[in-house]
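Asks: my questions are about this predicted structure, shown below with the sequence.
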Amino acid sequence: MTGKHWSPDEEAQLYEWAGLPLEIIRQRHSVMAKRHHWPQRSKTSLRVKLTRLGLNVEIEDGLSMYKLADLLGFRSESRIETMMKYGLPFTEIKGKKVFFLKDVKALAQQQPKLFAGGNREALSWLLENEPLVNEICAYPPPTSGMPQKVRIKGTLQEFDSLKEAARATNQHHSNIYRGLRNNRSYCNYEWEQVS
């Protein structure tokens, strides 16, 4: 007896989800299967296929710092480092920090504001607590560490970040930051923030 055929789109999704906990992969696959009329797959089926594709399924419940940030929809791992300062425990496995879902859920209960700006769908899957997800989504996303859109005053020339502006004008991004903060010109340019 042969199993259910795996479509190329299904396999592509597995490559994208590699490294996530198997339960989250199963939940994501279930949603995608309904949307794309794929067959439903068991955890065992998913684990076997991931292994055959040579994808990482070693850590059942744990997430690397990068995968956790990616799953939550954060732009960088610095948000996870902030969570660690607020008590998110981790385990070292093969020299890498690994975070367990139960610990992430516990921190979300205690410090929901830390998860502000995260991906709503991922938070729903991860936390399995819709009232908590609604509370988290009600907080405004943090702005520190986010790129600032800037423009040279009196022109239409806009830049998506200070570093991009610095490269284009051949100066250091800290000069642009000082110009914005002090509302004065640095290196022959006056800057304003674009909202």
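Replies: Good, I have the coordinates. Source: prediction; values computed, not measured.

Asks: domain assignment for the protein?
Replies: 8-52, 62-138, 150-193 (automatic domain parsing).

Asks: redo the ones you listed as CSV? Include mean pLDDT and mean neighbour count.
Replies: Glycine gets a C-beta too; all of them are placed from N, C-alpha and C. Shown next, in CSV, are those (pLDDT from 0 to 100; neighbours: other Cβ atoms under 10 Å):
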stretch, mean pLDDT, mean neighbour count
domain 8-52, 86, 15
domain 62-138, 86, 17
domain 150-193, 83, 15
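
Asks: mind checking the SS state of residue 13?
Replies: The three-state label given to residue 13 by DSSP: H, G, I helix; E, B strand; the rest coil is helix.

Asks: that one and residue 33 touch, don't they?
Replies: No - taking Cβ atoms under 8 Å as the definition, residue 13 is not a contact partner of residue 33, at 9.8 Å.

Asks: determine the set of other helices and strands touching the lengthiest strand in the chain.
Replies: In the chain, with assignment by DSSP state E, the single longest strand is strand 96-100. Identification of packing neighbours for strand 96-100 by 3 or more Cβ pairs under 8 Å, 6 or more residues apart in numbering; DSSP states H and E yields strand 62-64, helix 65-72, strand 91-93.

Asks: what about the strands in the chain?
Replies: 62-64, 91-93, 96-100, 150-152, 158-159, 191-193.

Asks: partners of the fourth one, with directions?
Replies: Using DSSP bridges, the strands paired with strand 150-152 are strand 158-159 (antiparallel), strand 191-193 (antiparallel).

Asks: may I have the longest helix along the chain exported as PDB, CA atoms only?
Replies: Counting residues, the longest helix found in the chain (DSSP state H) is helix 22-36. Taking Å, rounded to 0.1, in the frame of the first residue of the first chain, the C-alpha atoms of helix 22-36 are listed here in PDB:
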ATOM      1  CA  LEU A  22       6.900  19.200  15.300                       C
ATOM      2  CA  GLU A  23       3.600  20.200  16.900                       C
ATOM      3  CA  ILE A  24       3.700  23.600  15.400                       C
ATOM      4  CA  ILE A  25       4.600  22.100  12.000                       C
ATOM      5  CA  ARG A  26       1.600  19.800  12.300                       C
ATOM      6  CA  GLN A  27      -0.700  22.700  13.200                       C
ATOM      7  CA  ARG A  28       0.600  24.900  10.400                       C
ATOM      8  CA  HIS A  29       0.300  22.000   7.900                       C
ATOM      9  CA  SER A  30      -3.200  21.400   9.000                       C
ATOM     10  CA  VAL A  31      -4.200  25.000   8.200                       C
ATOM     11  CA  MET A  32      -2.400  24.900   4.900                       C
ATOM     12  CA  ALA A  33      -3.900  21.500   4.000                       C
ATOM     13  CA  LYS A  34      -7.400  22.900   4.400                       C
ATOM     14  CA  ARG A  35      -6.500  26.000   2.400                       C
ATOM     15  CA  HIS A  36      -4.800  24.100  -0.500                       C
END
